[in-house]
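*Asks:* Structural data only, the sequence is not supplied:
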């Protein structure tokens, strides 16, 4: 079969999203489709002329020497040896090139100081880079950066950046030592460019989860994350998380925590062997954020999280043709190649739709505005006497002669485009009531749940707030703490749970208040900033996919 990707069954996007950093970002901001972060593509692997036209950059990589802490930024010593030389980390310990806290050489100055400064600076750079990679366990968890490490550090090494030019290979540079940093229009890397989408926006893009039948349960005591009510009462439950998805011809994904004792669910979009494989044998893969959007709509449509309906629809379209004929965005079909095609301009497909970095600021600013709203459509139906042209215009404006109630009734049937034309045609509609914009938001932006002040409160699952690597780091840290604490405490688990608790609660969701929100500002600011709200654009796309799934669930249930 060869390499073959498994997609999110809800939105159709790959889990094997790749990214390349922009200048100034740490090394951890780059990874390929497998999640590897230490295999930076060199300029020898790309078309130099094409990259020069696209405005790509090159960065000089560090020279690496195996097992040299100072010169190999990827070198990570054994865990047990990390603190095996305590004197080296003692403030009283001195080496030949010992440096003070201020960074100045404590030895007496001599004629060789200037020569040594360059070497010492280089050693400090190498050591800092090694230290960052050693203290952060990213090397053990390929894929997305763990926690906030990748976001808080401006860089892990000193970048020396210059533009790629056709003459770059004749300028004395070894092409294998030059990292290719793609600009936003570059297609050579087959990865989304850091110029086009930030790490914050992409958080969770490689995180996969599965819906697993309870027939696969091996050990209920392995449920580290508490089960939801529908998991307890139903026949399906949520698996742990994994970063990326292996090719279907290799193996099933390894997930953590092993909910129900299942650490390797059989994730699949297609039943290739229905004669020997039942639908219950196949786990349904998706992004946690996509499943959350399904849960939101399901509560509204069915008054419950309709897992039986979801599975019934999935099973009815489990062939290859059925899965790939689902009506998705053209951008998704463009990406569904043998390897996910990271087309420039389609970065929003990898943006987190639940936690959109720029959205809260826009919404909160709108909620705080004190603009005076004219609650009457016609505040002064009589034209101003000092402006003859205005008087004539009003005489020809039939809406100026209508009662306000009729005008309100008219605009209640109009969409945003019609209202724009109406406001141009008649000054009566220059200022619309706040409620009109509120209605337009609910009708045109049903996916903006921050405006759903009158709906029941939806609490996103804790799965949506963490990545697979976040949980893997937590697992490793808990094991390390348990090992150390076991020597001094008998109730190790209680201490570890206190120091490193398993995430169980979600922060409160932003809901705009009805009365004090300037809904016109919300509407216009979202339209104005749409290109910068990649997560919101992705939310809209997924929301529409889930609406289609809901319709198909209703059809399946009506036919059964």
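*Replies:* Yep, it's here. Given the structure is predicted, the values throughout are model-derived calculations rather than measurements. Numbering: from 1, shown residues only.
*Asks:* quick one: which helix or strand includes the closest residue to residue 525 other than its chain neighbours?
*Replies:* Leaving aside its sequence neighbours, residue 525 sits nearest to residue 362 (CB to CB, 6 or more residues apart in numbering; 4.9 Å). Glycine gets a C-beta too; all of them are placed from N, C-alpha and C. Applying DSSP states H and E as the criterion places residue 362 in helix 359-368.
*Asks:* which helices and strands does that helix pack with?
*Replies:* Helix 359-368 sits against helix 519-528, with contacts defined as 3 or more CB pairs under 8 Å, 6 or more residues apart in numbering; DSSP states H and E.
*Asks:* residues in contact with the helix it packs on?
*Replies:* Contact partners of helix 519-528, identified using CB atoms under 8 Å, 6 or more residues apart in numbering, comprise 362-363, 365-366, 369, 371, 416, 432, 434-435, 437-438, 440-441, 445, 448, 451, 512, 533, 536.
*Asks:* please redo it, this time with the cut-off set to 7 Å
*Replies:* Contact partners of helix 519-528, identified using CB atoms under 7 Å, 6 or more residues apart in numbering, comprise 362-363, 366, 369, 434, 437-438, 440-441, 533.
*Asks:* need the longest helix for the protein.
*Replies:* Assignment by DSSP state H gives helix 534-559 as the longest helix of the chain.
*Asks:* Mind listing what's buried along it?
*Replies:* 534-546, 549-550, 552-553, 556 (16 or more other CB atoms under 10 Å).
*Asks:* Give me the distance from the strand or helix carrying residue 58 to the chain's centre.
*Replies:* Following DSSP H and E, the helix or strand that holds residue 58 is strand 57-60. Centre-to-centre, strand 57-60 and its host chain are 26 Å apart (CA atoms, centre = their mean, to the nearest Å).
*Asks:* can you tell me the average pLDDT over that strand?
*Replies:* pLDDT averaged over strand 57-60 equals 84, rounded to a whole number.
*Asks:* Each with direction, which strands does it pair with?
*Replies:* Taking DSSP bridges as the criterion, strand 57-60 forms sheet pairs with strand 161-163 (antiparallel), strand 178-181 (antiparallel).
*Asks:* Now for the chain, the helix or strand with the poorest mean pLDDT.
*Replies:* Taking mean pLDDT, DSSP states H and E as the measure, the helix or strand of the chain with the lowest value is helix 149-152, at a mean of 42.
*Asks:* for the one helix or strand residue 478 maps to, packing partners?
*Replies:* Using DSSP H and E, residue 478 maps to helix 468-485. If you count contacts as 3 or more CB pairs under 7 Å, 6 or more residues apart in numbering; DSSP states H and E, helix 468-485 packs onto strand 242-243, helix 492-499.
*Asks:* Leaving out the residues flanking it, which one is nearest to residue 463?
*Replies:* Taking CB to CB, 6+ apart as the measure, residue 463 lies nearest to residue 288, with 4.2 Å between them; neighbours along the chain are not counted.
*Asks:* Residue 360 now?
*Replies:* With CB to CB, 6+ apart as the measure, residue 510 is the residue that lies nearest to residue 360, at 5.7 Å, once sequence neighbours are left out.
*Asks:* which intervals of the stretch 101-250 of the chain have sub-threshold pLDDT?
*Replies:* Residues of the stretch 101-250 of the chain meeting the criterion pLDDT under 70: 101-140, 147-159, 168-172.
*Asks:* how about the helices in it?
*Replies:* For the stretch 101-250 of the chain, the helices defined by DSSP state H, counting those that start in this stretch cover 113-135, 149-152, 199-202, 229-233.
*Asks:* Pretty sure residue 545 is one of the things residue 294 touches, is it not?
*Replies:* No: Residue 294 is beyond contact range of residue 545, at 9.3 Å (criterion: CB atoms under 7 Å).
*Asks:* okay, and the common contacts of those two?
*Replies:* Common neighbours of residue 294 and residue 545, using CB under 7 Å, 6+ apart, are residue 10.
*Asks:* follow-up on the earlier one: just the buried subset of the contacts of helix 519-528, written out for PyMOL, thanks.
*Replies:* Applying 16+ other CB under 10 Å to the contacts of helix 519-528 leaves a buried subset, and the PyMOL line that selects it is:
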select buried, resi 362+363+366+434+437+438+440+441+533
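*Asks:* From the contacts of helix 519-528, which shows the smallest pLDDT?
*Replies:* Per-residue confidence over the contacts of helix 519-528 reaches its minimum at residue 369, where pLDDT is 63.
*Asks:* Report how many residues lie close to residue 349.
*Replies:* Taking other CB atoms under 10 Å as the neighbour definition, residue 349 ends up with a count of 26.
*Asks:* got the contact list for residue 530?
*Replies:* Residue 530 makes contacts with residue 537, as judged by CB under 7 Å, 6+ apart.
*Asks:* And it, how far from residue 302?
*Replies:* 31 Å (CB to CB, to the nearest Å).
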